[in-house]
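> requesting a structural model of the entry that follows:
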Amino acid sequence: MHTRINGAIVGLLTGMLVSSVAMAQGAGSAFGPGEQAIYRVQYLGVTAGTAQITVGAPMKQWGTEVLPIVSVARSDPALGVWPIKDKFVSYWHAEGQRSLGSDFFVDENNKRRRQRIQMKDSRTAHVIRQHEGAQPVEATHELPEGSMDLASATFALRNRGIAEGQEYTYAVFTGRKSFMLRAKVEGRQPLRTVMGEREVFRVKLQTDFSEKLQTKRDIVAYFTTDSSHVPVRIEAEFVLGSIVADLAEYKPGRLMAMNP
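Modelled structure (predicted):
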């Protein structure tokens, strides 16, 4: 599976898990460390690997307390393809209800690189990229007002709630380019999941990825309509092929006390 496709899927899954926890615990509430979801990822109809998303314990990042949302994508070694182990960490600031930035560690066929994004504010991002054995390259980007990373944009969508027929638009910055993420809630339908047959919301996500990540059609995501709003499936068709990510395991975390 191509590394950049892994990154896109992991970013979407991260945002959906984080937002589902917030919705389940009520508006403005903190989500719980220990929350974990594991997804089985299929590429061109074959199980290619897994994506595991975990809410970590509170930590300090850039002098502020955040909750790290850690996502790890692994290829299946049984397939005999290049080994892939990508890790994406989004640093969620509960008080500000946004991500302060992210780290993306790429490990593909024993070649490694790293990208760090620090959101200085909603209009400025500082980006550091480094390939293993090379000097880091830094850049500062001026962004459209209210810009977020992909994970926090998905959180913002879910935090506003899901209503049939509604459409939402957010400015997203990937570290290289900005685009508008458009989401439309198409309706409800039954879907067989690891938790049994559930009623789900079908949501279309329109992105503006380019080159090998260009999509042939809108990404489709499915969320349960009950109070937990668990994200259970993502379907995407990129230039390099189709990907489906299905929820395989889900474990709730512990509630955190809110500051008065």
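
> other SSEs contacting the longest strand along the chain?
Ordering each strand of the chain by length in residues (DSSP state E) puts strand 178-193 first. Under the contact criterion of 3 or more CB pairs under 8 Å, 6 or more residues apart in numbering; DSSP states H and E, the helices and strands touching strand 178-193 comprise helix 150-159, strand 167-173, strand 196-206, strand 231-238. C-beta: built from backbone N, CA, C; applies to glycine.

> which residues touch the third one?
Contact partners of strand 196-206, identified using CB atoms under 8 Å, 6 or more residues apart in numbering, comprise 12, 162, 164, 181-191, 193, 218-226, 232-233.

> sheet-wise, list the partners of it with their directions.
strand 178-193 (antiparallel), strand 219-224 (antiparallel) (DSSP bridges).

> next, count neighbours for Glu199.
11 (other CB atoms under 10 Å).

> what separates it from Arg188, distance-wise?
Look at Glu199 and Arg188: by CB to CB, to the nearest Å, they are 6 Å apart.

> which residues do these two both contact?
In contact with both Glu199 and Arg188: Thr225, using CB under 8 Å, 6+ apart.

> return the helix or strand in the protein with minimum mean pLDDT.
helix 3-25 (a mean of 50; mean pLDDT, DSSP states H and E).

> mind checking what helix or strand follows that one in sequence?
Remark: after helix 3-25, the chain's next helix or strand is strand 36-43, criterion DSSP states H and E.

> other residues contacting that next one?
1, 5, 9, 13, 17, 47-55, 73, 230-231, 234, 241-251, 253.

> what about Ala78, is that helix, strand or coil?
helix (DSSP: H, G, I helix; E, B strand; the rest coil).

> distance check, it against Thr47.
For Ala78, the distance to Thr47 equals 9 Å [CB to CB].

> tell me which of those two has more neighbours.
Comparing Ala78 with Thr47 by other CB under 10 Å, the one with more neighbours is Thr47, at 14 against 7.

> measure the more buried one to Ala245 for me?
11 Å.

> which non-adjacent residue is nearest Pro77?
Pro83 (6.6 Å; CB to CB, 6 or more residues apart in numbering).

> for the one you found, give me its contacts.
75, 77, 107-110.

> which PyMOL command selects the buried ones in these?
The buried residues among the contacts of Pro83 can be selected in PyMOL (16 or more other CB atoms under 10 Å) with this line:
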select buried, resi 75+107+108
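
> would you list the contacts of Pro83 in CSV and tack on pLDDT?
Shown next, in CSV, are the contacts of Pro83 (pLDDT from 0 to 100):
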residue, pLDDT
Ser75, 83
Pro77, 76
Asp107, 88
Glu108, 81
Asn109, 80
Asn110, 82
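
> Ile69: which of the contacts of Pro83 is nearest?
Asp107 (19.0 Å; CB to CB).

> name the SS class of Gly146, please.
coil.

> wait, it touches Ser122, no?
Yes - assessed by CB atoms under 8 Å, Gly146 is found in contact with Ser122 at 5.1 Å.

> who has more neighbours out of those two?
Ser122 (15 against 12).

> from Thr193, how far out is that one?
Taking CB to CB, one finds Ser122 at 35 Å from Thr193.

> repeat that for Phe179.
30 Å.

> and what of Gln166?
23 Å.

> now swap in Asp218 and tell me
21 Å.

> what about Ala248, which SS state?
Ala248 is classified as strand under three-state DSSP.

> how about it, what does it touch?
Counted by CB under 8 Å, 6+ apart, Ala248 has contacts 38-40, 50, 194.

> ok, now with 7 Å
Ala248 makes contacts with 38-40, 194, as judged by CB atoms under 7 Å, 6 or more residues apart in numbering.

> go on, Asp208?
By CB under 7 Å, 6+ apart, the neighbours of Asp208 are 179-180.

> so for stretch 133-144, what gets flagged as buried?
For stretch 133-144, by 16+ other CB under 10 Å, it's 141, 143.

> for it, the distance to its chain's centre please.
21 Å (CA atoms, centre = their mean, to the nearest Å).
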